[in-house]
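[1] Below are the sequence and a predicted model; questions follow.
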Amino acid sequence: MLTLMSSATESSSASTQQVASASVLAPNELEKMNAYGRGANYFSVGQIYLYDNPLLREPLEAEHIKPRLLGHWGTTPGLNSIYVHFNRLIKKYDLNVIYVAGPGHGGPGLVANTYLEGSYSEFYPNIPQNANGIRRLFSWGAHFKQLLRNKLIEHKQYIARYSDDMPEIRDWKWPY
């Protein structure tokens, strides 16, 4: 039994145990959250390190590993933990919550969670929730990074030629 605080008296110890019992997760809820967190961590690691063979159905080979890593493992477990615990609270209390995280190395964690919950595949239907979709998810990060790099090069070339931003950047307005 987990207790929230220790107490020297019998009566306060009993009330502490009642509070603790009310706040401890049910074993099946804890098991589901643990499984979801492990899944999110695996999908995060896969995006960072694996280019192919996402379900490890064959022995891992050098060609399955990305030559250049995308993302950083150090921030990912914490982001995944926050995500799974917030999801529990959102569902339990029917909350409207948005998870704001900065761009950068933790991206694979947020992508992993949105993929697991299904919203990523809704937005990117070419990455379905199946074995082929997982393979694409793991290789998509490198593809997406290349798309951004190409756009940056195009933008720099436009500026060099016209001494101004591209029209879609120069004329962009907040949609709200």
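    Arrived safely.

[2] next structured bit after the longest helix seen in the chain?
    In the chain, with assignment by DSSP state H, the single longest helix is helix 131-162. Sequence-wise, the next helix or strand downstream of helix 131-162 (DSSP states H and E) is helix 167-170.

[3] Mind listing residues that contact that following helix?
    Under the contact criterion Cβ atoms under 8 Å, 6 or more residues apart in numbering, helix 167-170 has outside partners H155, D164. Quick note: C-beta positions are derived from backbone N, CA and C, even for glycine.

[4] in it, what counts as buried?
    Across helix 167-170, burial judged by 16 or more other Cβ atoms under 10 Å covers no residue at all.

[5] avg pLDDT for that helix?
    Mean pLDDT, helix 167-170: 84.

[6] Report the central residue of the chain.
    L110 (2.1 Å; Cα atoms, centre = their mean).

[7] Which of the three states applies to the residue lying closest to that one once chain neighbours are set aside?
    Spatial nearest neighbour of L110, chain neighbours left out: A101 (6.0 Å); criterion: Cβ to Cβ, 6 or more residues apart in numbering. What DSSP: H, G, I helix; E, B strand; the rest coil gives for A101 is coil.

[8] didn't A101 look like it was pressed against N113?
    No. Between A101 and N113 there is no contact under Cβ atoms under 8 Å: 10.4 Å.

[9] higher neighbour count, those two?
    N113 (25 against 13; other Cβ atoms under 10 Å).

[10] Which positions in the helix or strand hosting the more buried one come out as buried?
    Using DSSP H and E, N113 sits in helix 107-117. By 16+ other Cβ under 10 Å, the buried positions in helix 107-117 come out as G107, P108, G109, L110, V111, A112, N113, T114, Y115, L116.

[11] how about CSV for those, with distance to P27 and pLDDT added?
    Below are the buried residues of helix 107-117 laid out as CSV (distance: Cβ to Cβ, whole Å; pLDDT from 0 to 100):
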residue, distance to P27, pLDDT
G107, 33, 83
P108, 30, 87
G109, 26, 90
L110, 28, 88
V111, 30, 89
A112, 25, 93
N113, 23, 94
T114, 27, 92
Y115, 27, 93
L116, 21, 94
